[in-house]
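>>> Prediction below, plus the sequence it came from.
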Amino acid sequence: MHHNSANAAEALAFIEQSRLRLAAASDVPPIRHAAFAALMGGMVASTAVPFPLRFAMIAGLFAAIAWIVRWDRRRMGMFINGYRAGRTRRVTAVMLLVILPIHLLGVWLATDRGVTWAPLPLALVAAAIAYAGSLWWCRVFRRELLGSLA
């Protein structure tokens, strides 16, 4: 019986150390937040690109997502999905609820109203929101990890 409690204590200590390491690694550099912001801004701006080139731009954005996943895995040893369960999911939902209407406004202005340049300034707004949202997401994630140790 004593052997099992020692194993359990070791397992809990390992989990706590892993969470501390993950919390420390989740302090991402500003360039990582900027990469996410560029992706979100790029999606919004894609409507301003002439139709045949839009597919190439969107393919490039998906390739950039794969690059970011690899970058995170090299830096932290894993990629943490923005839709993961926990408090961060609310942050992701707020970002989507704010950025998606901006994107739809750009689509509407460019396609229905003929203001083909409109998605470009909207992309800058979306990128700024995404940068701030990425910072917020990381703070919530770190707080969630460190709070679970208390």
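Great, that's in hand.

>>> So which other helices or strands are in contact with the lengthiest helix in the chain?
Looking across the chain with DSSP state H, the single longest helix is helix 119-147. Judged by 3 or more CB pairs under 8 Å, 6 or more residues apart in numbering; DSSP states H and E, the packing partners of helix 119-147 are helix 2-25, helix 30-45, helix 88-107. Where you see a C-beta, it was placed from the backbone N, CA and C, and this is true even at glycine.

>>> tell me the angle that helix makes with helix 30-45.
140 degrees (axes from the mean of the first three to the mean of the last three CA atoms, to 10 degrees).

>>> Show me what counts as buried in stretch 97-104.
99, 102-103 (16 or more other CB atoms under 10 Å).

>>> of all those residues, which comes closest to Met43?
Set against Met43, the nearest of the buried residues of stretch 97-104 by CB to CB is His103 (6.4 Å).

>>> Excluding residues flanking it in the chain, which one is nearest the closest one?
Val44 (4.8 Å; CB to CB, 6 or more residues apart in numbering).

>>> which residues does Arg87 contact?
Arg87 makes contact with 140, 143-144 under the criterion CB atoms under 8 Å, 6 or more residues apart in numbering.

>>> please redo it, this time with the cut-off set to 6 Å
Counting by CB atoms under 6 Å, 6 or more residues apart in numbering, Arg87 makes contact with 140, 144.

>>> so where's the chain uncertain?
1-3, 8-26, 148-150 (pLDDT under 70).

>>> I'm done for today, thanks for sticking with me.
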